[in-house]
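K.L.:
no FASTA, just this:
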């Protein structure tokens, strides 16, 4: 029996949990809508016009965004952790998220400093998405150039962290010269948000996400070989440089677009791979990758349901919930198992 | 203690010699009639007590949940040589009438202009935010120095200006810049107008400036007329039975921020006799609600006031397509004060609104019940284009 077959039941359970979480997510919210009306809204025949709009244009895109964000960040975290052989790695370390933050800061806060041109850019939400993608892409490009010169993956990791520091310094300077409204806008972007995408935006998000996932699948073989160490991988005939490039592009596509569309979401990229490894006791990426996909989506849907504070008029920033709920779970799992599976 | 007294005496001698040197400064006429007792109808954040030789200005609530009250001794210039005060008892000893002042919020500027003492303003942080024509002209002719951006006041320039007093404001008591200014001997008074709970109480802070300039009576008269205008407008609005439903605020990401029912903004809406959909809510700070709850409640609201900083329908739509589903958007019934700006982009509502709640009330009455004020043109609020 193949290893994949051993985990078939676990996958089945996870898929069922994911479906349950998805329906729970769209049925919970500030406005209490009866269950039958939720199904009616989905097929376009709800009694109440506002309910139909809320389900179709707010909760549904939000639930799909949660799935894309959770699974995408989880996978990019897994890729980073394997590439750098470091349990602390995640999309944040390569400087990808920092690059996106810098792009957004330049557009939002830059309006205050540079005025004119930047201020005119602010009117469109797309500007922020493009700025974030451009920012993460440029940082990635820099990392790629450096990685072609530096052989050591650890050095790349440190360079990524340094990019993060430079970014936050530039953001500080921009913040200092910005108006209260601009600062507020930037801070709110930093809180992260899943419920802010229209169907059109979601479609574009989905296309780029699919590319990222496809590249991740293509790098499975390389990832498994990398686990044995770079020298051993080389002796097995793996083109390290090519694999590394593939992994980095996949990660930045995923993490870059997610940050662009939903803001910098903390914790998921780092923790979901660990949660998955605790349950799927394997290092084989063929098993881990789909499991991380399912786990990430489930965790994000749960976090979003909590952030919406069902039955209250209030909502919490998603970024706070992912860390508040997620981090203790990881601590608990590690204490219980007394070791980190890595 | 002895040392302290000696120091105070020395300081006074020094102050006296300094002020006597400043003969070129145009003295502000001291009208005897202006020495009237200051009484308050609405404001709770400050108090003035009249002693024999000096007045004491007490600031009770400079920021929300302030634990300390601040006491300032206001000494008439001609009394300086006659009295000795214990410096430790006060957070500042200020010679009045003020001849040189630095204020830190645009909301302080209309008070100076209404009292006709705007020529005493020598510095302001962020002069671009100032819109009023009189003060703008003085900024353009460099009679008012730029003191820096945001709340980070340029201490060096301020020290060079040597104002008699700096009117500050704080969100808490931890403003390092103000501490430095105080240490250099320039008194800082915290203005807490923004903490007051009603629009009229905020406006009543003109009396705070009145006492600093020996213009208490003028300040009282100005406030009485603002209050009268406000009450008259309120009485007119009270007569109509039709109460249009009103929505306010806008979303930042997926959270909709709007004033709570006990806020000064909501009170003005109530006085304008409209049905603000969130008038039943309470609490400090604004409401932060989920999009869906706002949509369910306010999708059919007749009017939408102050949609955050958005200045056009297009900007609103581009920021979030959900906005277009509101009736007020479809019927183009959205009004904002963000488009009424001064020459350098400062929003007039933020500057003048605190001092003139009567204008805000009339604006809202005109928008919500146009038939009541046929001749009136709204000053702050304009329809979103």
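P.N.:
Happy to help now that I have it. Since the model is a prediction, treat every value here as computed from it, not as a measurement.

K.L.:
Tally up the residues packed near the residue nearest to residue B:115 when sequence neighbours are not counted, please.
P.N.:
In space, not counting the residues next to it along the chain, residue B:115 is nearest to residue B:215; the distance is 5.2 Å by Cβ to Cβ, 6 or more residues apart in numbering or on different chains. C-beta: built from backbone N, CA, C; applies to glycine. By other Cβ atoms under 10 Å in any protein chain shown, 28 other residues sit near residue B:215.

K.L.:
So for residue B:26, what's the pLDDT?
P.N.:
We have a pLDDT of 41 for residue B:26.

K.L.:
Check residue B:88 too.
P.N.:
Each residue has a pLDDT score; the one for residue B:88 is 82.

K.L.:
how close does it get to chain A?
P.N.:
Per Cβ to the nearest Cβ, to the nearest Å, residue B:88 is found 37 Å from chain A.

K.L.:
Just give me the neighbour total for that residue.
P.N.:
As a burial measure, residue B:88 scores 10 neighbours (other Cβ under 10 Å).

K.L.:
Check whether it sits in a helix, strand or coil.
P.N.:
Taken by DSSP: H, G, I helix; E, B strand; the rest coil, the conformation at residue B:88 corresponds to helix.

K.L.:
got any ranges where chain A has weak pLDDT?
P.N.:
Within chain A, the stretches falling below the threshold (pLDDT under 70) are A:1-4, A:93, A:111-125, A:337-342.

K.L.:
With chain B instead?
P.N.:
For chain B, the ranges with pLDDT under 70 are B:1-38, B:149-151.

K.L.:
Tell me the residues of it that contact chain A?
P.N.:
By the rule Cβ under 8 Å from any Cβ of the partner chain, the part of chain B lying against chain A is B:149-150, B:152, B:252-255, B:287-293, B:295-296, B:299, B:309, B:314-315, B:318-322, B:325.

K.L.:
Next up, the contacts around the residue nearest the centre of chain B.
P.N.:
Of all residues in chain B, the one closest to the mean position by Cα atoms, centre = their mean is residue B:107, 3.4 Å from it. By Cβ atoms under 8 Å, 6 or more residues apart in numbering or on different chains, the contact set of residue B:107 is B:193, B:194, B:350, B:351, B:353, B:354, B:355.

K.L.:
and of these, the nearest to chain A?
P.N.:
Distances from the contacts of residue B:107 to chain A were compared by Cβ to the nearest Cβ; the smallest belongs to residue B:350, at 10.4 Å.

K.L.:
Now for that closest one, how many residues are close by?
P.N.:
Other residues near residue B:350 come to 17 when the count uses other Cβ under 10 Å.

K.L.:
Please, which helix or strand holds it?
P.N.:
Secondary structure from DSSP states H and E places residue B:350 in helix B:348-352.

K.L.:
next helix or strand past that helix?
P.N.:
Moving toward the C-terminus from helix B:348-352, the next helix or strand (DSSP H and E) is helix B:357-368.

K.L.:
From the chain's centroid, how far away is that following helix?
P.N.:
Centroid displacement of helix B:357-368 relative to its chain, using Cα atoms, centre = their mean, to the nearest Å, is 18 Å.

K.L.:
Show me what it is packed against.
P.N.:
helix B:199-203, helix B:216-238, helix B:264-271, strand B:303-305 (3 or more Cβ pairs under 8 Å, 6 or more residues apart in numbering or on different chains; DSSP states H and E).

K.L.:
Sort out which residues of the longest one are buried, please.
P.N.:
By neighbour count on 16 or more other Cβ atoms under 10 Å in any protein chain shown, the buried set for helix B:216-238 is B:216-220, B:222-223, B:226-227, B:229-230, B:233-234, B:236-237.

K.L.:
Residues contacting the next helix-or-strand element following it, please?
P.N.:
Read in the C-terminal direction, the helix or strand following helix B:216-238 is strand B:245-248, with elements assigned using DSSP H and E. Surrounding strand B:245-248, the residues in contact under the criterion Cβ under 8 Å, 6+ apart are B:258-259, B:265, B:269, B:274-278, B:294, B:298, B:300-307, B:326, B:328, B:368.

K.L.:
Could you list the buried residues of strand B:245-248?
P.N.:
Neighbour-count burial for strand B:245-248, with 16+ other Cβ under 10 Å as criterion, is recorded at B:245, B:246, B:247, B:248.

K.L.:
Can you name the next helix or strand after that strand?
P.N.:
Per DSSP H and E, the first helix or strand lying C-terminal to strand B:245-248 is strand B:250-252.

K.L.:
Give me the helices and strands touching that next one, please.
P.N.:
In terms of contacts (3+ Cβ pairs under 8 Å, 6+ apart), strand B:250-252 is packed against helix A:180-191, strand B:255-258, helix B:313-319.

K.L.:
Around chain B, which positions in the stretch 201-342 of chain A sit nearby?
P.N.:
In this structure, the stretch 201-342 of chain A approaches chain B at residues A:263, A:308, A:309, A:312, A:313, A:314, A:315, judged by Cβ under 8 Å from any Cβ.

K.L.:
For stretch A:30-43, what is the distance to the chain centroid?
P.N.:
Using Cα atoms, centre = their mean, we find the averaged C-alpha position of stretch A:30-43 to lie 29 Å away from the chain's own average C-alpha position.

K.L.:
Kindly report the same for stretch A:323-340.
P.N.:
Computed by Cα atoms, centre = their mean, the separation of stretch A:323-340 from the middle of its chain amounts to 20 Å.

K.L.:
ok now do the residue nearest to residue B:204 when sequence neighbours are not counted, which residues does it touch?
P.N.:
Here the nearest residue to residue B:204 in space, its sequence neighbours aside, is residue B:43; by Cβ to Cβ, 6+ apart that works out to 4.0 Å. Residue B:43 is in contact with B:193, B:196, B:201, B:202, B:204, B:205, B:207, counting by Cβ under 8 Å, 6+ apart.

K.L.:
Just give me the neighbour total for the residue lying closest to residue A:89 once chain neighbours are set aside.
P.N.:
Computed as Cβ to Cβ, 6+ apart, the closest residue to residue A:89 that is not its neighbour in sequence is residue A:80, at 4.0 Å. By the other Cβ under 10 Å criterion, the neighbourhood of residue A:80 contains 27 residues.
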